[in-house]
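1. Quick one, structure for this:
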Amino acid sequence: MGTFKVKFKVLSSVITPFQADTIWGHIAWACYYIWGEKKCKDFIQSHREGNPTLVSNAYPDGFMPVPYIPFVGGGDEVTDSEIFKRVKKRNLMRVENFEKIKDGLSSVKLFDVLKKEIEDEARKDKKFVNFVSETKSETILRNKIDRLSFTTTEMGELFATEETFYNFDVSMWFVIRTEFFSKGEIEMILKCIELNGFGADASVGKGRIKFTQLTEQGLPEAKDGNAFMSLSNFVPAEREFVEFEDAWYKLFVKFPKVGGYFALIDPFKKPILFFEAGSVFKVSKVKDYYGCLVENVHSNQDIVQYAYAFPVKVKLEV
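-> Numbering: from 1, shown residues only. Okay, the predicted model is just below:
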């Protein structure tokens, strides 16, 4: 099974977040557009047969999610409550710092590397600060269009959308792990996504992205892990709950939508409760994947919801 790291730059404002299920949905639709309905159905069926194509959320280049483990800290929180607050609010960390703690992950070690990371950035390295400060979300008011006359309504009704504006100089990355596609096929899929745009309102210029690099590359993880951290939002398969010996996580409800021509008929799926990327689960042995395809999420029974974890092994000391 090949693991491919994909880098891209964002060239416009974006309405839809770069989350694994949406990226996977674009891959499925690109499969349909390039090779036809049968190849797309075979792709989806491969997940039901235990051969899923795993996709992570996207992150700024050089960063990954902070593991959600209990925070105790290294003692400095008593004398410097401000740094403790900043560490607790941090949801991204440098990949090289994750490598330092992946084989011995504890709240004390995590606190210490994040504290040093914050101090280093304050002194010299502005890359992370620039990404955060120059990535802004704004509420944009737009005119409602009458779909019969293709003009604005007489009342001049408005609606609001939340758009995110990225620093165009910052690269983003995500990973794909697959046996279903070759590297050449992934390149074709990425080109299709690039041409069609990403997420909501791509037809009017939102979600323009440029893929810059595709490399076969693994991820930093513990050699002898007793737990995993997910790089994607996911929903455990029902049988997997008994495998989790302990868990540290955040939950959120997502209201997913369908894409392609299905969106013209009934765009809404049922709301789903997800574990957020960065959640950590202690297990006796880390498997290749966790999660599932969620069925019965739409009035059309052929439509499914991608909800697999992209697991990275860690060695817990908690």
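
2. Please enumerate the helices of the stretch 1-150 of the chain.
-> 20-35, 37-48, 76-79, 81-89, 95-101, 107-123, 127-134 (DSSP state H, counting those that start in this stretch).

3. Single out the most deeply packed of those.
-> Mean neighbours per residue, mean count of other CB atoms under 10 Å, is largest over the helices of the stretch 1-150 of the chain for helix 20-35, with a mean of 21. Using the backbone N, CA and C atoms, a C-beta is placed for each residue, glycine as well.

4. Other residues contacting that helix?
-> 16, 39-40, 43-44, 53, 55-58, 174, 176, 188-189, 192-193, 196, 198-199, 231-234, 254, 256, 259-260, 277, 305-308, 310 (CB atoms under 8 Å, 6 or more residues apart in numbering).

5. which stretches of the stretch 151-300 of the chain have low pLDDT?
-> Low-confidence segments of the stretch 151-300 of the chain, defined by pLDDT under 70: 151-156, 158-160.

6. now with 90?
-> When residues are selected by pLDDT under 90, those of the stretch 151-300 of the chain lie in 151-170, 199-207, 218, 223-224, 238, 257, 259-268, 299-300.

7. ok, which stretches of it are strands?
-> In the stretch 151-300 of the chain, the segments counted as strands under DSSP state E, counting those that start in this stretch are 151-152, 158-165, 171-178, 209-216, 227-230, 246-248, 251-254, 272-275, 280-282, 290-294.

8. In CSV, list those along with mean neighbour count.
-> Shown next, in CSV, are these (neighbours: other CB atoms under 10 Å):
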stretch, mean neighbour count
strand 151-152, 11
strand 158-165, 13
strand 171-178, 20
strand 209-216, 14
strand 227-230, 26
strand 246-248, 15
strand 251-254, 12
strand 272-275, 19
strand 280-282, 22
strand 290-294, 22
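
9. Could you dump those into TSV and include distance to W24?
-> Shown next, in TSV, are the strands of the stretch 151-300 of the chain (distance: least, CB to CB, whole Å):
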stretch	distance to W24
strand 151-152	36
strand 158-165	20
strand 171-178	9
strand 209-216	16
strand 227-230	14
strand 246-248	24
strand 251-254	13
strand 272-275	13
strand 280-282	21
strand 290-294	10
